[in-house]
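>>> Next one to model:
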Amino acid sequence: MGTDRRKDQEFSGLLQRDAAGFLLQCDDGQRYRLELLRTPVDEVEKRVVVTGRIGDGAVLEADGVRPA
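So this is what the prediction gives:
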């Protein structure tokens, strides 16, 4: 029985906040809802690099957020 271990990738773009949480508007036009362990309030409305994996739908399971 194998496991589906997806590799982390980096996604860059603008970190946005809405009533449901956080979104990443990527430089390539993609938009992802972020699933985060910590709240990156200092980076809202700034350019960031998110490290993580694409989950179901347009959800980005983020392991880290850093300024770009």
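
>>> Could you double-check that residue 64 sits in contact with residue 51?
Yes: with contact defined as C-beta atoms under 8 Å, residue 64 reaches residue 51; the gap is 4.5 Å. Yep, even glycine has a C-beta here, placed from its N, CA and C like the rest.

>>> Please point out which parts of stretch 18-33 sit buried.
Across stretch 18-33, burial judged by 16 or more other C-beta atoms under 10 Å covers 22-24, 32.

>>> can you list contacts of that stretch?
11-17, 34, 36, 39-40, 44, 48, 50, 54, 57-60 (C-beta atoms under 8 Å, 6 or more residues apart in numbering).

>>> Grab the nearest non-local neighbour of residue 8.
Nearest residue to residue 8, sequence neighbours excluded (C-beta to C-beta, 6 or more residues apart in numbering): residue 51, at 5.3 Å.

>>> ok, back up a step: quick one: the buried residues of stretch 18-33 as JSON lines, columns for distance to residue 68 and pLDDT too.
Listed next are those as JSON lines, based on distance: C-beta to C-beta, whole Å; pLDDT from 0 to 100:
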{"residue": "22", "distance to residue 68": "15", "pLDDT": "95"}
{"residue": "23", "distance to residue 68": "16", "pLDDT": "96"}
{"residue": "24", "distance to residue 68": "11", "pLDDT": "97"}
{"residue": "32", "distance to residue 68": "15", "pLDDT": "97"}
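
>>> on that earlier part again, touching, the residue nearest to residue 8 and residue 34? I think so.
No: in this structure, residue 51 is not within contact of residue 34 by C-beta under 8 Å, at 11.4 Å.
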